[in-house]
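# fold the following for me, if possible:
(chains A and B)
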2 protein chains.
Amino acid sequence: MRAKKDRLSRRDFIKLGAGASALLAMPALAAETPGEARPNLVLIVSDDHGRGDLGCYGNPLIQTPNLDALAAEGVRFTQAFCTTASCSASRSVILSGLYNHANGQYGHQHAYHHFSSFDTVKSLPVLLSAAGYRTARIGKYHVAPDEVYKFDVALRGNSRSPVQMADNCQSFVAPDDKQPFFLYFCTSDPHRGGGKAEDLPHQPNRFGNRSQGYPGIKEIEYDPNDVTVPDYLPDIPECRAELAQYYQSVSRVDQGVGRLVEILKATGTYDNTVVIYISDNGIPFPGAKTTAYEPGLNLPCIVRTPGQETRGIACDALVNYADLTPTILDFAQATPSNYLFHGRSFKSVLESEHPQGWDTTYASHTFHEITMYYPMRVVRGRRFKLIWNLAHGLDYPFASDLWASPTWQATLRRKRRLYGKRTVEAYLHRPEFELYDLQEDPDEVCNLADDLKHQATLKEMKTQLKAFQKRTQDPWIVKWDYE
Amino acid sequence: MRAKKDRLSRRDFIKLGAGASALLAMPALAAETPGEARPNLVLIVSDDHGRGDLGCYGNPLIQTPNLDALAAEGVRFTQAFCTTASCSASRSVILSGLYNHANGQYGHQHAYHHFSSFDTVKSLPVLLSAAGYRTARIGKYHVAPDEVYKFDVALRGNSRSPVQMADNCQSFVAPDDKQPFFLYFCTSDPHRGGGKAEDLPHQPNRFGNRSQGYPGIKEIEYDPNDVTVPDYLPDIPECRAELAQYYQSVSRVDQGVGRLVEILKATGTYDNTVVIYISDNGIPFPGAKTTAYEPGLNLPCIVRTPGQETRGIACDALVNYADLTPTILDFAQATPSNYLFHGRSFKSVLESEHPQGWDTTYASHTFHEITMYYPMRVVRGRRFKLIWNLAHGLDYPFASDLWASPTWQATLRRKRRLYGKRTVEAYLHRPEFELYDLQEDPDEVCNLADDLKHQATLKEMKTQLKAFQKRTQDPWIVKWDYE
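Presented below is the predicted three-dimensional model:
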């Protein structure tokens, strides 16, 4: 269901706060009477896991047998997108069904960044709880305030220890005749963390890997020589060393997912449980995370439902994370009748490989860290993609962990001209508009915004972008008119 | 009392949130036993009132007899500065004694801007309440969260109706043998508001003026021909028309102050009451409010205390709004022994015209509206002033009300080269560093940052600025090292 309000005057806009409140404060729920037993719901969100780094998405080396098995039993989306490639903000979109320019979580929640969502936002756990679900979260949270993103219970567990996390969910996922459950399971793997591996060549970041391992995890080590360096990263030893560490971290996530499925099966709830696996944003390297380029936004999304008849397919619908809350509520038969999400349920397309009407998606990024102001608004069709860099006058800002990464520091130290297929210069200094033909130029290096042949496309996509901003009450829409 | 921590490593910095919390979470109070009766405290904060627009600060036309009387009985600071020329953020500094880059209120609190202070901040009303004061606020608030900036009571009253506001304080300021009081009295005058005066030439903004007037107010109308157009504004009919409206609004504030003093006298509390009058930031015109130029920062500050022996003087100490909370707590003998403010009490200099050791001040601005990212850090001595424009690659962003102002729109429409003494171009596009010799160039139009003769000054002031940022835990300090 999309917001009905297509036009937003300048004056309305000034009053956005009040307007948004009125919109969002509508009575929340008229929960439908379930016509059939409602499924349990498990939403697994890993941290910084790129779409290319799973066996089922074509990576020849990385070992993700449990995620691959999930995909074989379900549907794997090839064109699923977060709407902002930044952990905290992306999670707010996942849990609210609203672009984060409208839910108030403009950037990181934690520490001095200090962003949070409006009190008026109705989140997925709150709506499910109101509809009779038991709700629990475990692991990374990273949204605020608590009251808005309220779960019945926060289960304990080291978010770097996914098998242990799964074990700790055991009693929560045990069958309950009265109430189905919603489990929000969030690992901190494969985010950067744990400092430099001083003992290894090129001292890569550890990505949470540690010598003593984690309970229940069989650590899988990768040889830097064997990893696949994607086109958007530089094929240098530092990057290979880091990718090997990152892969190891991903394989831990996979084992956590495996253990969780095992527990669901053992408790007898798997056959009535929807399991969704996504990552919050792209991989934690410059060129992916925090950007609006494909490696930042286009992510793994695996959905396995009890009832589906067609399994193991890939679906190329363009879905995004604003669709997740509406979709999950749809599974729960808990779609509120009088509350507007920006996204829409994709439940109906789970068994189609090429569904009609899912050909355009949007993204909206504003901050990563509070010091990283770099608003970007994106419209992406099947072929063309337009990025509007509102603060194009600034150098592209770096997340502190990406800046410090051996991969980036080696790039700077060696004064390399290229970073992946893009020049370092182009990465750092971006034009106001970037228009790419993804069919001809999947690496997004040839900007067509100034190309005379593409002015009609540019104009049309600008119009689409503006309409999107109006529809979703984007405060930054003012930047079309004045700075 | 200044923060002791002079050095902040990169690593400390990443942990700033936690660090700040630890710092701020120290046990709040070891209230000293009062050695004498503690005074009542009245802090009056008007909205967008510039330093030039009071009789006692030299304006030949504007009628502010009550503020002038207060100055005649007290001390008038000629070099008092807000630390950010933006209402919400400035108020957070006034009430916390911390630069807003460290208290979390990075920009506007209300509506979709959605900034607020950290839960760990100990504010003036909370500390005074803990020290036994009764606390009340009336009028504009504009900070959050409530728990941090908690007053015992929020008195009611239209913040555009200052005489009525004063009347509504009557019972609160009545004498109480047991508890002295703290009254925080904030008008919305002379902020822009009320739309365009369609009936007047050049359709100036109304600045809250309305045909039916306000209770107890004798509206004073000004002839646009008679106003003084300061050097930083354009002498065009639209600006004159707007200044006349603004003056009228200021005269309402003055009458509210007069009525409040009258009530204090009538209730017999005036003789034991400290009264402070300030404005939150400079006048609501491009060139002042939201900028780091003198008209944005250098503001009226009048302090009248019961005990002072020297009255009616002007003091040229460089004080700023981070000093207000420490100063007021000093009056209340309620300075916490284990809590660090960024500012320091200026109580000891109230009777000196030229006190020693008050020769440098700082400012730190980051946002006005959430869409207006334009961090500036400023060090200002008696002669030189350095502004670091961190986001100098951006056009200077406009507050929506300043952008829409007839003064600015006329400037654009007529394609005027100059705005005040500055070029429009220089106003819109700023260099990374601006260094001014305020003695030679009080209008700040001749940037010396690239002048070879001033490189030593530039270097020294950059060092001062960095030290300030370290000392006050400024997240934007990272921008010295990387974007």
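
# mind checking which helix or strand A:Thr366 is in?
When secondary structure is defined by DSSP states H and E, A:Thr366 falls within strand A:361-367.

# tell me what that strand is packed against?
Contact partners of strand A:361-367 among helices and strands, from 3 or more CB pairs under 8 Å, 6 or more residues apart in numbering or on different chains; DSSP states H and E: helix A:87-96, helix A:100-103, strand A:319-320, strand A:373-380. C-beta: built from backbone N, CA, C; applies to glycine.

# deepest-packed of these, please.
Between the helices and strands packed on strand A:361-367, helix A:87-96 has the highest mean count of neighbours, a mean of 29, where neighbours are mean count of other CB atoms under 10 Å in any protein chain shown.

# walk me through which strands the strand holding A:Thr366 pairs with, and which way each runs.
For strand A:361-367, sheet partners with direction are given as strand A:373-380 (antiparallel), following DSSP bridges.

# tell me how many other residues surround A:Asp271.
Close neighbours of A:Asp271, defined as other CB atoms under 10 Å in any protein chain shown, add up to 11.

# confidence score at it?
A:Asp271 carries a pLDDT score of 96 in this model.

# quick one: it from B:Cys186, how far?
With distances defined as CB to CB, to the nearest Å, the gap from A:Asp271 to B:Cys186 amounts to 62 Å.

# swap in A:Lys289?
For A:Lys289, the distance to B:Cys186 under the criterion CB to CB works out to 43 Å.

# neighbour-wise, which of these two wins?
Set side by side, A:Lys289 and B:Cys186 give different neighbour counts by other CB under 10 Å, the larger being at A:Lys289 (25 against 22).

# thinking again about what came up before, so for the strand holding A:Thr366, mean pLDDT?
Per-residue confidence for strand A:361-367 averages out to 98 on the pLDDT scale.

# neighbouring contacts of that strand?
Applying CB atoms under 8 Å, 6 or more residues apart in numbering or on different chains, the external contacts of strand A:361-367 come out as A:79, A:81-86, A:89, A:99-101, A:106-108, A:113, A:115, A:290, A:292, A:297, A:318-320, A:373-380, A:465, A:468, A:472, A:474, A:476.

# how does it look with 7 Å?
By CB atoms under 7 Å, 6 or more residues apart in numbering or on different chains, the residues outside strand A:361-367 that reach it are A:81, A:83-86, A:99-101, A:106-107, A:115, A:292, A:297, A:318, A:320, A:373, A:375-380, A:468, A:474.

# for A:Tyr133, grab the count of nearby residues.
Here the count is done by other CB under 10 Å, and A:Tyr133 has 22 residues near it.

# how far away is it from chain B?
For A:Tyr133, the distance to chain B (CB to the nearest CB, to the nearest Å) stands at 29 Å.

# look up how far A:Met165 lies from the closest residue to that residue other than its chain neighbours.
Take A:Tyr133 and drop its neighbours on the chain: the residue closest to it by CB to CB, 6 or more residues apart in numbering or on different chains is A:Phe182, 4.8 Å away. When CB to CB is the yardstick, A:Phe182 and A:Met165 sit 16 Å from each other.

# and the strands in the stretch 101-250 of chain A?
A:134-139, A:153-155, A:181-186 (DSSP state E, counting those that start in this stretch).

# tell me the buried residues in the shortest one?
Using 16 or more other CB atoms under 10 Å in any protein chain shown as the test for burial, strand A:153-155 gives A:Leu155.

# packing partners of that strand?
If contacts are counted by 3 or more CB pairs under 7 Å, 6 or more residues apart in numbering or on different chains; DSSP states H and E, strand A:153-155 sits against strand A:134-139.

# any chance of the helices and strands packed on strand A:361-367 in a markdown table with distance to A:Ala332 and mean pLDDT as columns?
Output for the helices and strands packed on strand A:361-367, formatted as a markdown table (distance: least, CB to CB, whole Å; pLDDT from 0 to 100):
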| stretch | distance to A:Ala332 | mean pLDDT |
| --- | --- | --- |
| helix A:87-96 | 14 | 98 |
| helix A:100-103 | 20 | 98 |
| strand A:319-320 | 18 | 98 |
| strand A:373-380 | 29 | 98 |
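
# okay, the ones you listed in TSV with distance to A:Phe346 next?
Shown next, in TSV, are those (distance: least, CB to CB, whole Å):
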stretch	distance to A:Phe346
helix A:87-96	14
helix A:100-103	20
strand A:319-320	5
strand A:373-380	16
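
# what residues does the stretch 351-483 of chain A put near chain B?
Residues of the stretch 351-483 of chain A found near chain B, taking CB under 7 Å from any CB of the partner chain as the criterion, are A:370-371, A:373, A:391, A:393-395, A:397-398, A:400, A:403, A:475-476, A:478-479, A:482-483.
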